[in-house]
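[1] structure for the following, please:
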Amino acid sequence: MLMPVRDAAPWLAASLRSLTRQRVRDLEIVAVDDGSTDGSGAWLDRAAAAEPRLRVVHTPPLGLPAALATALALARAPLIARHDADDLSHRDRLALQHAYLAAHPRVSVVGCRVRLFPGAAAGAGMRRWAAWHNGLLTHEAMAREALIDSPLAHGTALLRRAALARAGGWQEHGWPEDLDLWLRMLERGAVFAKLPRILYAWRQHPQSATRRDPRYRRERFLDLRRTALERGLVHGAARLTLVGVGRSLSEWRAALARRGRDVRIVAAGRPARTALVALRAPIVLVFGAAPARHRWREALAAMGLRERADFVFVA
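    Just a heads-up that it's a prediction; the model follows:
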């Protein structure tokens, strides 16, 4: 279990308790104190003196990808789990995920559904994300939505170490490290799974990294998605069709045109016939709303076009 820690003192006791109560044998918890200034490091040292399964290492404040890389280098198990220092894992989480990987040897990473708590602290955007995330239960669903947002909550993941290594592990690029890893794993043929049970509680508070860390700003998400798109569907394409409306369409047009590529714009919110006859693969559709993606997905499939081969959705 890898647990990066940065100024998480108010939540460490409950978070660690949720790990030490896991119903698995041979649990190893590697906590990396990533330059905390609130006493988290000292608290972890005291906890490790009483809990032999907990190993603690202290580093300067290098950031989440570096902390995860440090923890991974110290971990000895062939299966690598994630857990954030302010969150809670259900006591059955690791046992159920371990059993799933044992029964499905082709699966590279398994997550679970999440619950946001306290509910009053979760904004509308996070509630929409959680509902979307919890609805993506198959590899196919997660793979096709991976350029919309992170389809598997980072803290819920149990990964095969070999699959993690094949994708290059966690890397620092100044953008969301979880989606970056998932996209690289998918490109290398990794198979994703998600247990249909809520086994992870994601704490909502003003100091959370998703609210404060610059790597999670919209422009950094856009840079990551564009880079992955350049490696994938539009790699080597001299021209493409970009479909959408509004500000998001303009943002993507500017991002893709920087490479000197001919970007054909189809400004359409719905798949009317006049829009459909103008499409030429590869097609990038900019729709953050699930109902719009559903309408376009059905229309393109009826034309014989294949998702992730001829077209892809981004947000």
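[2] this protein - how does it break down into domains?
    Under the assignment automatic domain parsing, the domains of the chain span 2-216, 233-314.
[3] most packed of the ones you listed?
    Most buried of these, by mean neighbour count (mean count of other CB atoms under 10 Å): domain 2-216, with a mean of 18. C-beta: built from backbone N, CA, C; applies to glycine.
[4] same for the worst-scoring helix or strand of the chain on mean pLDDT, what does it pack against?
    Within the chain, no helix or strand scores below helix 209-212, which has a mean of 82 by mean pLDDT, DSSP states H and E. Taking 3 or more CB pairs under 8 Å, 6 or more residues apart in numbering; DSSP states H and E as contact, there are no helices or strands that helix 209-212 lies on.
[5] who's in contact with the helix or strand following it?
    Tracing the chain past helix 209-212, the next element assigned as helix or strand by DSSP states H and E is helix 218-231. Residues outside helix 218-231 that contact it (CB atoms under 8 Å, 6 or more residues apart in numbering) are 147, 149, 173-176, 179-180, 183, 187, 214, 251-252, 255-256, 259, 284, 312, 314-315.
[6] got it, and stretch 301-315?
    143-145, 147-149, 225, 229, 232-233, 248, 252, 276, 279, 281-288, 293, 296-297, 300.
[7] need the contact list for residue 64.
    For residue 64, the contacting residues are 4, 6, 34, 170, 177, 209, 213, by CB under 8 Å, 6+ apart.
[8] got those residues as TSV, with distance to residue 240 and secondary structure columns?
    As requested, the contacts of residue 64 are arranged in TSV below (distance: CB to CB, whole Å; DSSP: H, G, I helix; E, B strand; the rest coil):
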residue	distance to residue 240	secondary structure
4	38	strand
6	40	coil
34	40	strand
170	30	coil
177	28	helix
209	33	helix
213	31	coil
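[9] could you measure from the residue lying closest to residue 148 once chain neighbours are set aside over to residue 221?
    Leaving aside its chain neighbours, residue 148 sits nearest to residue 315 (4.5 Å; criterion: CB to CB, 6 or more residues apart in numbering). Per CB to CB, to the nearest Å, residue 315 is found 8 Å from residue 221.
[10] next step: the contacts of helix 218-231 restricted to helices.
    If you go by DSSP state H, the contacts of helix 218-231 have 179-180, 183, 187, 251-252, 255-256 in helices.
[11] now, which of the residues you listed sits nearest residue 268?
    residue 252 (14.2 Å; CB to CB).
[12] the closest one touches residue 288, doesn't it?
    No - the pair residue 252 / residue 288 is not scored as a contact, 11.3 Å apart, by CB atoms under 8 Å.
[13] would residue 62 count as being in a strand?
    No - the assignment for residue 62, made by DSSP: H, G, I helix; E, B strand; the rest coil, is coil rather than a strand.
[14] quick one: it and residue 6 touch, right?
    No - with contact defined as CB under 8 Å, residue 62 does not count as touching residue 6 (10.0 Å).
[15] overlap in contacts of the two?
    In terms of CB under 8 Å, 6+ apart, residue 62 and residue 6 are both contacted by the residues 34-35.
[16] distance-wise, check the residue nearest to residue 148 relative to residue 192.
    Noted for residue 315: a distance of 19 Å to residue 192, by CB to CB.
[17] now the strands for the stretch 51-200 of the chain?
    For the stretch 51-200 of the chain, strands defined by DSSP state E, counting those that start in this stretch occupy the ranges 54-59, 79-81, 88-89, 109-117, 158-160, 192-203.
[18] list the contacts of the second one.
    Surrounding strand 79-81, the residues in contact under the criterion CB under 8 Å, 6+ apart are 1-2, 72, 94, 97-98, 101, 157-161, 164.
[19] how far does that strand sit from the chain's center?
    When distances are taken as CA atoms, centre = their mean, to the nearest Å, strand 79-81 is centred 16 Å away from the chain's centroid.
[20] so what strands line up beside that strand?
    strand 158-160 (antiparallel) (DSSP bridges).
[21] ditto for the third one
    Strand 88-89 has its sheet partners listed here by DSSP bridges as strand 192-203 (antiparallel).
[22] mind listing residues that contact the partner strand?
    Contacts of strand 192-203 (CB under 8 Å, 6+ apart): 11, 84, 86-90, 92-93, 96-97, 100, 104, 107-117, 130, 134, 136-139, 142-143, 151-153, 155-156, 182, 185-186.
[23] try stretch 103-122
    In this structure, residues lying in contact with stretch 103-122 by CB under 8 Å, 6+ apart are 93, 96-97, 100-101, 126-127, 130, 133-134, 139, 152-153, 156-160, 163, 185, 190-205.
[24] dump the residue contacts of residue 134.
    Neighbours of residue 134 in contact, by CB under 8 Å, 6+ apart: 113-114, 198.
[25] ugh, wrong one, I meant residue 10
    Counting by CB under 8 Å, 6+ apart, residue 10 makes contact with residue 86.
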